[in-house]
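Enquirer: for reference, the sequence and a predicted model appear below.
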Amino acid sequence: MGNKGKRRAVAALRVIILAFFLLFVILPIYWMAITSFKPHAEIINTQQVTYFPKTFTLENYKELFEIFNYGDFLKNSIILSVLTAVAVTILSVFGGYALARYRFRGKTAMLLFFLVTQMVPGILVIIPLYTAYAKMGLIADAPHLGLWIFYVITNLPFCVITMRSFFERIPYSLEEAAMVDGCSRMKSLRKIVLPVMFPGIVAVFVFAFIGAWNELIAGIIFTSEPSAWTIPVGLKSLIGKNNVKWGAMMAGGMLALLPTAIMFMVVQKYVVEGLTAGSVKE
Amino acid sequence: MVQNRKKEPIIVKRNQNYRKRMMEPYALLMPVLVLLLVVFAVPLINSFIMAFQKYRLGSPDIGFNGLDNFRKLFADDDLGLILKNTVIYVICSVAGQFVLGLTLALALWKKFKGRGIYQSVVFLPWAFSAFVVGLMFRWSFNGEYGVVNDLLMKLGVIKENIAWLGTPGYSLFVIILAMIWIGVPFFAIMILAALQSIPEDIYEAASIDGAGAVKKFFRITVPYIKPTIIMTLLLRTIWILNSFDLIVVITNGGPANYSMTLPAYMYTRAFSGYDFGFASAIGVILMTALMVYTLIFLKVTNYEEGM
């Protein structure tokens, strides 16, 4: 095989690989999507599995909201995820700035501590937290407060580290120049640094939002009343029943994926940048 | 201590300013540290104490019982099976994610038209919740109405429906497959970023020296992305081991613990029997194993030299 032939073979292989991954990702999602639009009878027809809905229906989505209170779950998930993302982003800006711009005693120990938090099995923290929350009455009276605190701390270490790497990419001279020109430190931070930091802030916001949005286990444990359930907890409660409503379940799954999928596609560039900035360092 | 380096040309003139500046990083980090100490470190320490206690939620009879919890764990008939599942689950998931992630990253390396759009689709599973992915796979592998059985039947691979989730071996396989599906993007993203940071001219120089593609791959590409691969493998192994949403959703450990892993078992024991002492003992063993694993892994891979 000549050089040209070789190159052509590599190109062909590449197309095959790319096509494979596209199918690999899309097929399960496709299957979930079309199931959510099928009527119940078609879903549980053992004689014939249909690869496109014979009858297209929205009854599963209707059932989700009318019978299973999906609206409540949706509301709880949105509130918790937004509040988590806001808190994590603000704390990460301060923490990340400190870690990027100062040298101080205990910095290495701090970074090591952040790394260790990533290694601890979550359930090991959830168990004692549960007893503490129960004693304080948080489980019964303010389940979202307890859950919110938990989501903030579980997402913080990674987000602080990510934010730090974004700050480190901005030359200090930029800030300094602004200060020489008469800006105060806070003003230079606001006017000069934060606009340049926009990608980092978006990335961290998305990480924290998705982290809270997708979480299941703590949600199950820290909430007792259905009115406090988030989407994963609410849907999980449907599985236990004998007659699993697959249509409603898939519809619920679709609605759960939609916000994070859109968010990811819109800011994919920043998120990928943030991921690679955050995890390799330290 | 404030020191000057290239990036931080901070000239401290007055003593008062100096002291104020010295406190600044602590003040900025204070909220993060306080939160992590109170809501993370303290509970973690409590867990370690609980592991040596008779601690059943709601029972008034709480007190130290030495190593009883650990004895109970090692006397557990299912422990061997669970450990075996855990090892298989972690190794297969990590290996699958790594091989596929590396392949995808290499395929994405050179620019092509529409790469941005392609990436935002193929990387999507990263943003998905393990919970929904679990539902997706549970439904696809359903024994009666599942699409996988139907496809395999049409292809003539199988003659009758397989009860994937009710058969020992198969149920764990479905979980591993779902775990691989959700984790490929992360590996691909990390490795792709490392690949793109390799300076072009190195390859040009190697070509001039007459190096072939294979040689270039092993002599240039691999050494360059090695630190990324090591760190990603390390973090992912731990993350995969610790995460059990997929197991809870797809099989709940069944049939009869044949797809149960140690962290999932810990969760089950903690919140179905409320035996917190016993569950914490499992957690302590898990933590210790993770620490030992990390040290050995970094040692074996010569991580520091790799940098």
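Expert: Arrived safely.
Enquirer: what number of residues lie near residue A:13?
Expert: When neighbours are counted by other CB atoms under 10 Å in any protein chain shown, residue A:13 registers 11. No exception for glycine: its C-beta is placed from N, CA and C like everyone else's.
Enquirer: check residue 10 and give its pLDDT.
Expert: Looking at chain A here, since you left the chain open. What the model reports as pLDDT for residue A:10 is 89.
Enquirer: the intended chain is chain B.
Expert: The model reports residue B:10 with a pLDDT of 50.
Enquirer: mind jotting down where the helices sit in the stretch 1-150 of chain A?
Expert: Counting by DSSP state H, counting those that start in this stretch, the segments of the stretch 1-150 of chain A that form helices are A:3-36, A:40-43, A:59-66, A:70-101, A:107-117, A:122-136, A:138-141, A:143-168.
Enquirer: nearest to residue B:44, of these?
Expert: Residue B:44 lies closest to helix A:122-136 among these, at 5.9 Å (CB to CB).
Enquirer: ok, back up a step: please identify the most buried of the helices of the stretch 1-150 of chain A.
Expert: Mean neighbour count, computed with mean count of other CB atoms under 10 Å in any protein chain shown, is highest for helix A:143-168 among those, reaching a mean of 23.
Enquirer: please see if it touches chain B.
Expert: Yes: between helix A:143-168 and chain B, judged by CB under 8 Å from any CB of the partner chain, the touching residues are A:149, A:150, A:152, A:153, A:156, A:157, A:160, A:168.
Enquirer: same check, this time on stretch A:17-36
Expert: Yes: residues of stretch A:17-36 contacting chain B under CB under 8 Å from any CB: A:17, A:18, A:21, A:22, A:24, A:25, A:26, A:28, A:29, A:31, A:32, A:35.
Enquirer: spatially nearest residue to the last one, not counting backbone neighbours?
Expert: Residue nearest to residue A:35 in three dimensions, not counting chain neighbours: residue A:250, with 4.3 Å by CB to CB, 6 or more residues apart in numbering or on different chains.
Enquirer: what helix or strand is that neighbour on?
Expert: For residue A:250, the host element (DSSP states H and E) is helix A:246-266.
Enquirer: and what of residue B:71?
Expert: Judged by DSSP H and E, residue B:71 forms part of helix B:68-75.
Enquirer: residues of the next helix or strand along the chain from that helix that come out buried?
Expert: Next helix or strand after helix B:68-75 toward the C-terminus (DSSP H and E): helix B:79-109. Within helix B:79-109, the residues scored as buried using 16 or more other CB atoms under 10 Å in any protein chain shown are B:82, B:85-86, B:88-90, B:92-94, B:96-98, B:100-109.
Enquirer: intersect the residues you listed with the contacts of chain A.
Expert: Answer for the buried residues of helix B:79-109 near chain A (CB under 8 Å from any CB): B:100, B:103, B:104, B:107, B:108.
Enquirer: how about the residues you listed in CSV, adding pLDDT and distance to residue B:224?
Expert: Listed next are those as CSV, based on pLDDT from 0 to 100; distance: CB to CB, whole Å:
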residue, pLDDT, distance to residue B:224
B:100, 98, 20
B:103, 97, 18
B:104, 97, 18
B:107, 96, 18
B:108, 95, 16
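Enquirer: ranking helices and strands of the chain by mean pLDDT, which lands last?
Expert: You didn't pick a chain, so chain A it is. Sorting the helices and strands of chain A by mean pLDDT, DSSP states H and E puts helix A:185-188 at the bottom, at a mean of 73.
Enquirer: meant chain B actually
Expert: Sorted by mean pLDDT, DSSP H and E, the helices and strands of chain B end with helix B:303-306, the least confident at a mean of 54.
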